[in-house]
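> Predicted coordinates and the sequence they were generated for:
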There are 2 protein chains.
Amino acid sequence: MNIAVLEMEFERRREQIVQDWEAFLRFPSVSADPARQQDCLDCADWVAARLRRHGFHAELAPTGTKPFVFAERAGKPDRPTVLFYGHYDVQPVDPLGSWTTPPFEPAWRGGRLFARGAQDNKGQVFYTLAAIEALIEGGALDVNLKVLIEGEEECSSGGLNRVLESWRERLQADILMVHDTCMVQSGAPTIIMGLRGIVHLSAQLNGTDHDLHSGVHGGLAPNAAQGVAQLAALLFDAEGRVAVPGFYDGVIPPSPRESQLAAAVPFDADAYRRQTGTSPDGGMRELPPYERVGFLPSLDINGIHSGYGGSGMKTIIPAAAELKLTARLVPGQAPQAVLDAISAHLSRHTPAGMRLTLADTGIGGPGFRLDPDAAAVRTAQGALATLCPGQPVAFLWEGASIPIVSRLAEVSGAKPLLVGFGLEADRIHAPDESFSLAQFKSGFLYTALFLQSVT
Amino acid sequence: MNIAVLEMEFERRREQIVQDWEAFLRFPSVSADPARQQDCLDCADWVAARLRRHGFHAELAPTGTKPFVFAERAGKPDRPTVLFYGHYDVQPVDPLGSWTTPPFEPAWRGGRLFARGAQDNKGQVFYTLAAIEALIEGGALDVNLKVLIEGEEECSSGGLNRVLESWRERLQADILMVHDTCMVQSGAPTIIMGLRGIVHLSAQLNGTDHDLHSGVHGGLAPNAAQGVAQLAALLFDAEGRVAVPGFYDGVIPPSPRESQLAAAVPFDADAYRRQTGTSPDGGMRELPPYERVGFLPSLDINGIHSGYGGSGMKTIIPAAAELKLTARLVPGQAPQAVLDAISAHLSRHTPAGMRLTLADTGIGGPGFRLDPDAAAVRTAQGALATLCPGQPVAFLWEGASIPIVSRLAEVSGAKPLLVGFGLEADRIHAPDESFSLAQFKSGFLYTALFLQSVT
């Protein structure tokens, strides 16, 4: 089915597709809310039933918490196996009062469907399912397809992570297809060429037994707030580099071709300022933004807390302090080695008279990057070029991490290929989340083109 | 009346004194609790009535909040004027469940009277009043005496501060007598030879408009938590000195005689460790503790807060941060100049892309020190030597600040003389506050000796 046929097919099915998409959005499948457990189960059932109707063997796989939908449909033996990953759970809806229409009563305004999950991820999952169904009904789907739609992505995929290892054999695939990302700011079709990995830890610093009087002890007692500030400051040098010895060990620099492709996506400093209220002055300012976010690791203080934080003043020498850190990793960095390097640095610089305790150390996963010349990337690029003739495809190296994608790639042996049709305007995770029919249709067409041509 | 007569006089009156002291303690005069307003007024009335009965002209002076008691009694024209300052309000009693007996039902155990305010400051005020009364009844009080007992000391003396200037004329005195302090750890009789001044400010640091995703923006967006840590760390050098240019300007070093007297009070490192859980490693470690606390200014971070502080992790780049600072000042330092120097330093080092806003800037007062050879100091020393024959008097340069004492000294033109009989064991501000009859009696005897011999 070529693009013209697919467009006709979409228009022919549009009314039914929209009706079903709205039905999917009506499930208040908020994974973080224990009161929504049954809604989550109903939503998973709905997805599984839908896949069964289209010839999939589909089941609800228990995880101890929310089940995930797993479905398989055999294609031709010589065709690759594609594993599609998405999630049926959604973010909480607070603050409810900020929604123009109720979050679980889908409403159209200005060509956009407003509802929690309209984009993230039900919208992007549903255009994918709709395209798969259209191909099946048209006799045009011959890849081997596995579908995994989980119910706890917005809660760190706890259940799936727990059971993932036991699914290793059944998840084997060539390509891990994920539609949970955005297009670049210009709206150009976008392939995510990499994600950063993530590790985290928190450090507790203890000075005195209890808060002391800052007059009686000022100049004498070690101050945990001062200690944590000094400890945190020593993580960075004056140029914005991470000053932890060994932090950058193994980092694989971008190839000339990667640099060229990444640099081709323009960085809009004005848009950045509008979006964040400041300039991108946070890291190694002398390097281009794409390199700092896409090809270099970063270390961020997520929280620093010590002493009094109420109104007015309290004349204490704080006894304790806490520092929460997250590092984003790129290929070549070993997550455990990075954690060890940060821990050692913090221990080495613990101020005299204070005790350091590390907690919450954890590894989300390593970073990964795709080869721009890999077959699947070229196929996706071709599909996107067909979809948007004349518009160059953006290759985006993302700064964010999707730990479950890294883990799924590892367990399934598949190369992750992330393409998505989100825009900043969709306001995912916020009130009045929405997804336009135009974006939805692009996703439908791309999915159908890609699945037909992938090798 | 010599010491022998005074001792007899105390024993003769003891039963009545204790009964009245208990009555004073039964008023739940918690200044911080609006529900105790009437109790505070009743307590002030009780004090004023008592002074009137002993020939004082006494009044309740309104402040807009809690009144203070002001009383005067003329002595001989050639004798000095002594202004006694104390407070009738007490700290809150939380946690109430930790008291062995109810805080406003005075109870004797092991020679100690347990009640909120037993020492701070009702105990020390009441031995002073009892001694004054004994002298008056014995015809032995001929100094000109002014008494100011306020009701908001535990709330920063808000009311008194507001009206103080209008009392300038009536408060004129030679000596400002304050009995609200402790003895040194050894229990030796102690004269407070100085207090540090205090200034405070807080700094708000703003980076981005709102918290950002640490993956999408890590390495790109300025991190306010990192910024505040670096800003705070730059306040100090590696040797524990304050690194703010101009901070030490004007500091008057201790004279050889001051150093000698201060060094004579032993610093008990083991006791310090038991009391605080750590070693005195907080400031310029190479200097003796007495010098760091008594003769040098200090700068403490009272609070530093930015980003996530809950359990687990939150992968954000914090948008804002707050830093609360207090500096303790010594003679020679101008409070406003110190505030200006800290503010300028913070402004100068505000990280690129961030905005600094200063708030809560305030001056509690300058530091002061007494001349060890001043007449009043020699008189106090003589009285204490008579009280504790053979025991050397400790001269203590305190690190703490009592801003109202600095202001009262300035307004009244009097030299502040702080002598007190508190001990760590009294647990002021904590549950089970107490004061022993032995400490109370020492205060009674000292007050009577001092007031007879002061010149």
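Here it is on my side, so go on.
> Let's see whichever strand or helix holds A:Leu396 as CSV, backbone CA atoms only.
Under the criterion of DSSP states H and E, A:Leu396 resides in strand A:394-397. Taking C-alpha atoms only, strand A:394-397 is exported to CSV below (Å, rounded to 0.1, in the frame of the first residue of the first chain):
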residue,chain,number,x,y,z
ALA,A,394,15.8,15.4,11.5
PHE,A,395,18.2,13.1,13.3
LEU,A,396,18.0,13.8,16.9
TRP,A,397,20.3,12.6,19.7
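> Partner strands of it, with direction?
For strand A:394-397, the paired strands and their directions (DSSP bridges) are strand A:190-195 (parallel).
> In which helix or strand does A:Ala38 reside?
Check again: residue A:38 is Gln, not Ala. helix A:37-53.
> For that helix, buried residues please.
Across helix A:37-53, burial judged by 16 or more other CB atoms under 10 Å in any protein chain shown covers A:Asp39, A:Cys40, A:Leu41, A:Cys43, A:Ala44, A:Trp46, A:Val47, A:Ala48, A:Arg50, A:Leu51. Yep, even glycine has a C-beta here, placed from its N, CA and C like the rest.
> Kindly report the same for stretch A:438-451.
So for stretch A:438-451, counting by 16+ other CB under 10 Å, buried means A:439-451.
> Go through those and flag which are in strands.
Judged by DSSP state E, the buried residues of stretch A:438-451 include no members of strands.
> Closest one to chain B out of the buried residues of helix A:37-53, please.
Nearest to chain B out of these is A:Cys40 (CB to the nearest CB; 21.7 Å).
> Once you drop chain neighbours, what's closest to that closest one?
Closest residue to A:Cys40 apart from its sequence neighbours, by CB to CB, 6 or more residues apart in numbering or on different chains: A:Ser29 at 4.6 Å.
> Can you tell me which residue is spatially central in chain A?
With distances taken as CA atoms, centre = their mean, the residue of chain A nearest its centroid is A:Ile402 (4.0 Å).
> Hmm, that residue is touching A:Leu195, no?
Yes: the pair A:Ile402 / A:Leu195 is scored as a contact, 5.7 Å apart, by CB atoms under 8 Å.
> Do you know the pLDDT at the residue nearest to A:Cys40?
Note on A:Ser29: pLDDT of 97.
> Show me the helices in the stretch 51-200 of chain A, by range?
A:122-137, A:158-163, A:168-171 (DSSP state H, counting those that start in this stretch).
> Tabulate these (a markdown table), appending distance to chain B and mean neighbour count.
A markdown table is the format used below for the helices of the stretch 51-200 of chain A (distance: least, CB to the nearest CB, whole Å; neighbours: other CB atoms under 10 Å in any protein chain shown):
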| stretch | distance to chain B | mean neighbour count |
| --- | --- | --- |
| helix A:122-137 | 18 | 24 |
| helix A:158-163 | 12 | 18 |
| helix A:168-171 | 25 | 13 |
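> can I get the ones you listed in JSON lines with mean pLDDT and distance to A:Ile301?
Converted to JSON lines, those look like this (pLDDT from 0 to 100; distance: least, CB to CB, whole Å):
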{"stretch": "helix A:122-137", "mean pLDDT": "98", "distance to A:Ile301": "32"}
{"stretch": "helix A:158-163", "mean pLDDT": "95", "distance to A:Ile301": "25"}
{"stretch": "helix A:168-171", "mean pLDDT": "98", "distance to A:Ile301": "36"}
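> still on that earlier bit, and the buried residues of stretch A:438-451 as TSV, adding pLDDT?
Below are the buried residues of stretch A:438-451 laid out as TSV (pLDDT from 0 to 100):
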residue	pLDDT
A:Gln439	98
A:Phe440	98
A:Lys441	98
A:Ser442	97
A:Gly443	98
A:Phe444	98
A:Leu445	98
A:Tyr446	98
A:Thr447	98
A:Ala448	98
A:Leu449	98
A:Phe450	98
A:Leu451	98
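> hmm, back to that, show me the one of the helices of the stretch 51-200 of chain A that comes nearest B:Leu60.
Nearest of the helices of the stretch 51-200 of chain A to B:Leu60, taken as CB to CB: helix A:158-163 at 65.3 Å.
> Quick one: distance of that closest one to the chain centre.
Taking CA atoms, centre = their mean, to the nearest Å, one finds the center of helix A:158-163 at 17 Å from the center of the full chain.
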